[in-house]
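**Student:** just the structure for this:
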Amino acid sequence: MAESRARHRAWLNPTLTAGLVLVGLVTVMALAAPWISGADPGTVHDPVAGRYLPPGSERVPLVFADGRRLLADRVERHGAGAGAEVVAHRRDRVETYPAAALVNLPAATDAVPPARVFPLGTDRFGRDVWTRVVWGARVSLAVAFLAVLIAATVGTLVASIAALGRGWVDLVLMRLVDALMSIPRLFLLLLLVALFRPGTTTLVVVIGATTWMTISRLVRAELLSLGERDFVLAARAAGAHPLRILRVHMLPHALTTLLVMSGLMIGLVILLESSLSFLGFGVQAPTPSWGNMISTGSNRLLDAWWVALFPGLALVATVVGFNLLTDGLRDALDPRRHGVDRSRFRP
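**Tutor:** Numbering: from 1, shown residues only. Below you'll find the model as predicted:
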């Protein structure tokens, strides 16, 4: 009973709770992007009157049948029927349009298009920053999860071959891993991305192919340690095939190390993806990514600070959330941190 209560308290540690909250919020935001953003992230609302609107700005959108989009400070409707006109006050000028040319005009005879609020402002193209931050969460998380999945798969495969082969197989593979880890990762990434066409798919494959080495070394060390345990030695003595021992007895016990390391790498990969996108080698415009959004607003920090600030805050919150989640998960899964004296439960 005491051990059970200690385990329960370990799972309720504040670090894990804070990480779950942050990661959960970002994940929900990414999954629900089409519903909570309310628009396409590439929609240019107004390339002239919609440029660099500050956070909280309220404008009236005018959507025309020919696809044009304009923003007005105030809109009035005059007349009724086929001859009705819409008078739009746009910055320092007044423009008049036929009501029949608008597709977002309510059916009521005296109604005008509803106003739209831009909670995080707009960028230089008149695009909603809130919409792009939300959709950028989907892109950044997708790149991170897929890249870490590739890295975890390759790293576990190499570690398993090294742990089973031992001898010269282990020596050759680990020296290869050491050689790859000695190359500065950023320069290697820039080289590989420059050799291929920049894009989301290229970014996922390149990051995954250059981040598996750390996972490989950790999983190999865990597998070698497990190989000396009594239950593994008993399975070998019973004549079990090495692949079955690996699949049934060793990999499940190494899963905790793999999960913790993968969770930590997700935050690092998000930072890496943002860095490459900031440099122009990652996710390409107009697809929103936190990295290319920060790059777009980096030259207007004084007069349009919101363009880079809000995706930067989202990036920081996500990375901190995954780091807290990983630390809390490691503490929760470590029996030495449960505060229970196991000697009392020994016969």
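**Student:** hang on, V44 packs against F125?
**Tutor:** Yes. Applying CB atoms under 8 Å as the test, V44 and F125 come out as touching, 5.2 Å apart. All C-beta atoms are positioned from the backbone trio N, CA, C, and that covers glycine.
**Student:** I'd assumed V63 was in a strand, is it?
**Tutor:** Yes. Counting by DSSP: H, G, I helix; E, B strand; the rest coil, V63 falls inside a strand.
**Student:** list the residues that contact it.
**Tutor:** By CB atoms under 8 Å, 6 or more residues apart in numbering, the contact set of V63 is 69, 102-104, 113.
**Student:** same deal with L324?
**Tutor:** Neighbour list for L324: 15-16, 18-19, 22 [criterion: CB under 8 Å, 6+ apart].
**Student:** which one of those residues is nearest T131?
**Tutor:** Here the nearest of these to T131, counting by CB to CB, is L22; it sits at 21.2 Å.
**Student:** secondary structure element for the closest one?
**Tutor:** helix 14-31 (DSSP states H and E).
**Student:** what's the mean pLDDT across that helix?
**Tutor:** If you average the pLDDT over helix 14-31, you get 88.
**Student:** so what touches whichever helix or strand comes after that helix?
**Tutor:** Note on helix 14-31: by DSSP H and E, the next helix or strand toward the C-terminus is helix 33-36. Contact partners of helix 33-36, identified using CB under 8 Å, 6+ apart, comprise 29, 134-135, 137-138.
**Student:** got the buried residues for helix 33-36?
**Tutor:** Neighbour-count burial for helix 33-36, counted by 16 or more other CB atoms under 10 Å, picks out A33.
**Student:** can you check stretch 314-330 too?
**Tutor:** 314-315, 318-319, 321-330.
**Student:** show the average pLDDT along it.
**Tutor:** So the average pLDDT for stretch 314-330 ends up being 86.
**Student:** just give me the neighbour total for G56.
**Tutor:** 11 (other CB atoms under 10 Å).
**Student:** show me what contacts it?
**Tutor:** 117-119, 121.
**Student:** same thing with A115?
**Tutor:** Counted by CB under 8 Å, 6+ apart, A115 has contacts 58-60.
**Student:** could you identify the buried members of those residues?
**Tutor:** Counted by 16+ other CB under 10 Å, those give 59-60 as buried.
**Student:** returning to what we had before: let me have the contacts of L324 in TSV, extended by distance to L176.
**Tutor:** Below are the contacts of L324 laid out as TSV (distance: CB to CB, whole Å):
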residue	distance to L176
T15	36
L16	36
A18	39
G19	34
L22	37
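**Student:** all helices of this protein, in order?
**Tutor:** Along the chain, the stretches classed as helices by DSSP state H are 2-11, 14-31, 33-36, 129-165, 167-182, 185-195, 200-210, 212-226, 230-237, 242-244, 251-279, 290-297, 306-333.
**Student:** and the ones you listed: which comes nearest V86?
**Tutor:** Of these, nearest to V86 by CB to CB is helix 129-165, at 25.0 Å.
**Student:** quick one: the closest one to helix 14-31, angle?
**Tutor:** Angle, helix 129-165 to helix 14-31, by axes from the mean of the first three to the mean of the last three CA atoms, to 10 degrees: 120 degrees.
**Student:** what's helix 129-165 packed up against?
**Tutor:** helix 14-31, helix 33-36, helix 167-182, helix 200-210, helix 212-226, helix 251-279, helix 290-297, helix 306-333 (3 or more CB pairs under 8 Å, 6 or more residues apart in numbering; DSSP states H and E).
**Student:** for G199, what are its contacts?
**Tutor:** 283-284.
**Student:** and L223, how many neighbours does it have?
**Tutor:** 22.
**Student:** oh, that last question was meant for A99, not what I typed.
**Tutor:** 18.
**Student:** just for the protein, where's the confidence low?
**Tutor:** The chain contains residues with pLDDT under 70 at 1-12, 80-82, 107-110, 193, 333-347.
**Student:** most centrally placed residue in it?
**Tutor:** L141 (2.3 Å; CA atoms, centre = their mean).
**Student:** thank you kindly, that will do.
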